[in-house]
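>>> The following block contains a protein sequence and its predicted model.
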Amino acid sequence: MANHKSAVKAHRRSLERRDRNRQYRSRMRRALRSMRAAMDAVATEDGGGATDALREQFRSTVSLIDRLAGKGIIHVNTASRYKARLDKRLAGI
């Protein structure tokens, strides 16, 4: 355990940041899961083609990924990979 007041505060802040980062990562994973599920649902429909709602969901998901990469919660290359895979999957619908 930390002995100095500043070390105690640093430890407390690191725990708070860890919890916050976990929440962000969980939010991103949920967004990716729902995005993939929506794409699968649209792909199985007769008409196919991405709807406006799906495109809006894609924009918000990409925005979330970019924000997390900007904050350093996920690596920039990881964010790029997620976006590229989503984009490729959306284009295939």
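All right, it came through fine. These figures come from a predicted structure and were not determined experimentally. Numbering: from 1, shown residues only.

>>> Can you name the next helix or strand after the longest helix along the chain?
For the chain, the helix with the greatest residue count under DSSP state H is helix 5-44. Next in sequence after helix 5-44, counting helices and strands by DSSP states H and E, comes helix 52-71.

>>> For the very next helix or strand once past that following helix, which residues meet the burial criterion?
Next in sequence after helix 52-71, counting helices and strands by DSSP H and E, comes helix 76-91. Of all the residues in helix 76-91, those buried under the rule 16 or more other Cβ atoms under 10 Å are Ala79, Tyr82, Lys83, Leu86, Leu90. Where C-beta positions appear, they are placed from N, C-alpha and C, glycine not excepted.

>>> Among these, which one sits closest to Ser34?
Of all those, Leu86 has the smallest distance to Ser34: 11.6 Å, by Cβ to Cβ.

>>> my guess is the closest one contacts Val62, does it?
Yes - Leu86 is within contact range of Val62, at 7.1 Å (criterion: Cβ atoms under 8 Å).

>>> how about Ile73, phi and psi?
According to degrees, to the nearest 10, the main-chain angles of Ile73 amount to phi -80, psi -40.
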